[in-house]
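K.L.:
okay, here's the prediction I keep looking at, along with the sequence it came from:
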Amino acid sequence: MKKIGQIRNIGIIAHIDAGKTTVTERVLFYTGRSHKIGEVHDGEAVMDWMPDEQERGITITSAVTTCQWDKCDIQIIDTPGHVDFTIEVERSLRVLDGAVGVFCAVGGVEPQSETVWHQADDYLVPKIAFVNKMDRVGADYFRTIEMMKQRLHARPLVLQLPVGSEDGFRGVIDLLHMRQMVWEAGGPEMPFVTGEIDPDLLETAQQYREKLIETVAETDDAIMEAYLEEADISVEHLVAAIRKATIGLQLVPVLCGSALKNKGIQPLLDAVVNYLPSPLEAPPIQGTMPDTGEKVAFEAKPKGPTVALIFKVSMIEGRKLSYVRVYSGSIKAGAEIYNSIRQKSEKISRILKMHANKRERLDEAGPGAIVGVVGLKDSSTGETLCDKNNPVLLEQMKFTKPVISISIEPKTHDDQEKLPQVLEKLMAEDPTLHVKQDEDTGQTLLSGMGELHLDVIISRMRREYKTNVNVGKPQVVYRETIAKQASGHGAFDREVAGQRHFAEVALMARPLSRGSGVSFAAEVSEELIPAQFIPAVEKGAREAMEYGELMGYPVVDIEVVITGGAFRESLGSSLAYSVAASMACREMFAAADPYLLEPIMNVEVYVPESFMGEVIGDLNSRGGKIESIAAKGDNQIITAIAPLSKMFGYTTALRSASQGRGTFTMKFSHFDRM
Ligand SMILES: Nc1nc2c(ncn2[C@@H]2O[C@H](COP(=O)(O)OP(=O)(O)OP(=O)(O)O)[C@@H](O)[C@H]2O)c(=O)[nH]1
């Protein structure tokens, strides 16, 4: 096993098309793992190995890949840039210790990288930035750095200056060592030459080095002292201080290059090793003891108790592969491991170190390792693995509820037979995919995070599972809520399996403000409903709330209070209280003036000035409200909110309204009355 201090678990976060896949490809090349560079536009990149990803040229799943650089194991967790797949981003952020933000030097900080960057901030992930595509017309390094300050509220630390620009971009000035690195034109195997800084760039380089030291000094007393005394500060000392400030979330080191032209990748790898934390420097993982509820923190200790998290499940060739991050202790092939959520032990049959689509078998994996595990039959995403005699629960992952659904119908009898199993497998991999039978039509409804998300699911059914379905139009998943306070009553008195069950429940509902969800309170005496049955009442009511009376959508923004009921000795049961509560819920809901809520989306459109009028007109006709318009380079950014129901097919509409020049992002904002 690698020493823990020599592991770097990183994610690459970027806007679609910023060049994440190309950067990763080059990283794999220079670290010696792949000897042929697959270009994304040829559809053969090593990381994007699902057929769908190759066809669409986007990265969907977060494959983990290990490579070596400067005695370190760098484990790259690939994170997608598209907002429909935020679940993939969230789960990657849970397990990585540091991130590389890749920006396009022309587009700068685009809205999606902003979203993911802020998500990474929430998880306290230290970051470095790589300004890519310096070879493109319109590339502007300093504008991108300015945008990092404004849009990301980051404190960039400029470590490099570009040498040459656009077509003439040749390399970088390394401000720490005050040297110039120039890559020869040609393939990735072409060497780079380190030498003196061009005389005409020297003065600027000196100014930027001064700024660099000033910025680092503000985070480090010893450097500040040396700086004020105008003493020499060694490069090692600076590197150590930058490392500390980066890990402490004070600074974001910035580098630049052109992945496509094979320039700037080696210094980026050095920066990953030098400035991003090892698992030892990452904050200790927090867990809860299931018995006592006591909070505990675990450090990355090989001999400590075993604590690991399953952050992703993939079905590969029909077999279940669980991606696991080990935080403390170790997991061993052939040994049992305890799942503290399911309260059962499972056997690990194999541990695999992953390289995109190749694997290497390991006997054991210790703190900081991110590996594939074969053999866990029942465990799934978000669950904790630990020692049976030392159980612990790590924080559960939060999955967003779906806002869009489609109906599907198997095409042939054969497809019909396969469908339930296929759906089960897809759901095992993807907790944001929901499947439900429409009681009225008998159709199967798939719901998810957006049109693209469901498109990908359908095409995976076809390709990977050879199952074909007819697909209905996308539908909005609404919510239901109530306008006024109301009460309801339910009684259950029946014989079930030779045993009489009795319960009565009275409930009251009050409307809550938007975004509150469902909350519960019990204001009932022990004589009317004994405390032991309160959980059954809550369960029955919560189940009833999943299907509102209006159109069967989940009920939200409501407080349910248990106000009364009845109990008969020896006849009361959880079953009876659940059913009575569900009946009471229906009566109460019908009396409370229910109405529908629809999902409202945040939309950001990037479009050249000349198409603004048309794009705004189109947004208005979709019920969109324009919130702001701002100029960015040659583009305008239009920010709007609009109901999801009117935004279907917007990709095509925007393309025709902007002659293909516009791009947009859309994410869920809130629910509002229809
Ligand atoms: N000119 C230029 N083009 C680049 C550079 N890096 C990447 N590209 C191109 O930009 C496009 C997008 O690159 P990708 O690597 O697929 O971007 P990505 O961020 O992985 O995109 P997703 O997988 O969709 O998230 C491709 O056509 C690349 O060839 C670069 O340094 N310079």
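P.N.:
Alright, I've got the coordinates.
K.L.:
in its sheet, which strands sit next to the host helix or strand of Glu627, and in what direction?
P.N.:
Assessed by DSSP states H and E, Glu627 sits inside strand 625-632. Paired strands of strand 625-632, with direction, are strand 635-643 (antiparallel) (DSSP bridges).
K.L.:
what comes up buried for whichever helix or strand comes after the strand it pairs with?
P.N.:
Along the chain past strand 635-643, the next helix or strand (assigned with DSSP H and E) turns out to be helix 650-657. Residues of helix 650-657 classed as buried under the neighbour-count rule (16 or more other Cβ atoms under 10 Å) are 650, 653-654, 657. From N, CA and C alone the C-beta is placed, and that goes for glycine too.
K.L.:
put the alpha carbons of the strand holding Glu627 into PDB.
P.N.:
Extracted C-alpha coordinates of strand 625-632, given in PDB (Å, rounded to 0.1, in the frame of the first residue of the first chain):
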ATOM      1  CA  LYS A 625     -39.300  36.300 -16.100                       C
ATOM      2  CA  ILE A 626     -36.100  38.000 -17.000                       C
ATOM      3  CA  GLU A 627     -34.100  38.800 -13.900                       C
ATOM      4  CA  SER A 628     -30.900  40.300 -15.200                       C
ATOM      5  CA  ILE A 629     -28.900  40.900 -18.400                       C
ATOM      6  CA  ALA A 630     -25.200  41.300 -18.200                       C
ATOM      7  CA  ALA A 631     -22.400  41.600 -20.700                       C
ATOM      8  CA  LYS A 632     -19.500  39.100 -20.700                       C
END
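K.L.:
contact partners of it?
P.N.:
With contact meaning Cβ atoms under 8 Å, 6 or more residues apart in numbering, strand 625-632 is reached by 108, 606, 609, 612, 616, 619-620, 636-642.
K.L.:
okay, now the closest residue to Lys20 other than its chain neighbours: neighbour count?
P.N.:
Excluding the flanking residues, the one nearest Lys20 by Cβ to Cβ, 6 or more residues apart in numbering is Ala14, at 4.2 Å. Counted by other Cβ atoms under 10 Å, the residues lying close to Ala14 total 28.
K.L.:
I'd guessed Ala14 sits against Thr22; true?
P.N.:
No: Ala14 is beyond contact range of Thr22, at 10.3 Å (criterion: Cβ atoms under 8 Å).
K.L.:
so which residues on the stretch 101-250 of the chain come close to the ligand?
P.N.:
132-133, 135-136 (Cβ under 6 Å from any ligand atom).
K.L.:
among these, which are in strands?
P.N.:
Asn132 (DSSP state E).
K.L.:
once you drop chain neighbours, what's closest to Asp140?
P.N.:
The shortest distance from Asp140 to any non-neighbouring residue, by Cβ to Cβ, 6+ apart, is to Ala105 (6.2 Å).
K.L.:
the residue lying closest to Val125 once chain neighbours are set aside: what's it in contact with?
P.N.:
Spatial nearest neighbour of Val125, excluding adjacent residues (Cβ to Cβ, 6+ apart): Ala99 at 5.1 Å. Residues near Ala99 by Cβ under 8 Å, 6+ apart: 10-13, 93, 120, 125-128, 276.
K.L.:
so what's Ala99 bridging to?
P.N.:
According to DSSP bridges, beta-bridge pairing links Ala99 with Gly11, Lys127.
K.L.:
now do stretch 275-292: distance from first to last residue.
P.N.:
End-to-end distance for stretch 275-292: 39 Å, by Cα to Cα, to the nearest Å.
K.L.:
burial count for Val102?
P.N.:
25.
K.L.:
if we can go back for a sec, closest to Arg319 out of the contacts of Ala99?
P.N.:
Closest approach to Arg319 among those (Cβ to Cβ): Gly11, at 25.6 Å.
K.L.:
the longest strand seen in the chain: partners in the sheet, and parallel or antiparallel?
P.N.:
Across the chain, the longest stretch assigned as strand under DSSP E is strand 594-608. Note on strand 594-608: by DSSP bridges, its sheet partners are strand 479-482 (antiparallel), strand 635-643 (antiparallel), strand 663-673 (antiparallel).
K.L.:
what helices and strands are in contact with the helix or strand just after it?
P.N.:
The element immediately downstream of strand 594-608 (helix or strand, assigned by DSSP H and E) is helix 612-621. If you count contacts as 3 or more Cβ pairs under 8 Å, 6 or more residues apart in numbering; DSSP states H and E, helix 612-621 packs onto strand 594-608, strand 625-632, strand 635-643, helix 650-657.
K.L.:
for Asp415, which of these is the nearest?
P.N.:
Asp415 sits nearest to helix 650-657 of all the helices and strands packed on helix 612-621, at 28.0 Å, using Cβ to Cβ.
K.L.:
and that closest one, how far from the chain's centre?
P.N.:
27 Å (Cα atoms, centre = their mean, to the nearest Å).
K.L.:
identify the residues contacting it?
P.N.:
With contact meaning Cβ under 8 Å, 6+ apart, helix 650-657 is reached by 451, 603, 605, 607, 611, 614-615, 618, 622, 662-664, 666.
K.L.:
pipe these into JSON lines and attach pLDDT, distance to Ala491 and neighbour count per row.
P.N.:
What follows is the contacts of helix 650-657, written out as JSON lines (pLDDT from 0 to 100; distance: Cβ to Cβ, whole Å; neighbours: other Cβ atoms under 10 Å):
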{"residue": "Glu451", "pLDDT": "81", "distance to Ala491": "45", "neighbour count": "19"}
{"residue": "Val603", "pLDDT": "89", "distance to Ala491": "49", "neighbour count": "26"}
{"residue": "Val605", "pLDDT": "88", "distance to Ala491": "55", "neighbour count": "29"}
{"residue": "Val607", "pLDDT": "87", "distance to Ala491": "60", "neighbour count": "21"}
{"residue": "Phe611", "pLDDT": "91", "distance to Ala491": "63", "neighbour count": "19"}
{"residue": "Glu614", "pLDDT": "92", "distance to Ala491": "61", "neighbour count": "16"}
{"residue": "Val615", "pLDDT": "93", "distance to Ala491": "58", "neighbour count": "23"}
{"residue": "Asp618", "pLDDT": "93", "distance to Ala491": "55", "neighbour count": "18"}
{"residue": "Arg622", "pLDDT": "93", "distance to Ala491": "48", "neighbour count": "17"}
{"residue": "Gly662", "pLDDT": "81", "distance to Ala491": "59", "neighbour count": "23"}
{"residue": "Thr663", "pLDDT": "79", "distance to Ala491": "58", "neighbour count": "21"}
{"residue": "Phe664", "pLDDT": "81", "distance to Ala491": "53", "neighbour count": "21"}
{"residue": "Met666", "pLDDT": "80", "distance to Ala491": "47", "neighbour count": "21"}
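K.L.:
of these, closest to Phe192?
P.N.:
Of the contacts of helix 650-657, the one sitting nearest to Phe192 (Cβ to Cβ) turns out to be Thr663, at 33.5 Å.
K.L.:
in this structure that closest one contacts Glu604, no?
P.N.:
No: if you go by Cβ under 8 Å, Thr663 and Glu604 don't touch, sitting 9.1 Å apart.
K.L.:
mean confidence for stretch 12-28?
P.N.:
Mean pLDDT, stretch 12-28: 85.
K.L.:
what's the end-to-end length of it?
P.N.:
Termini of stretch 12-28 sit 13 Å apart (Cα to Cα).
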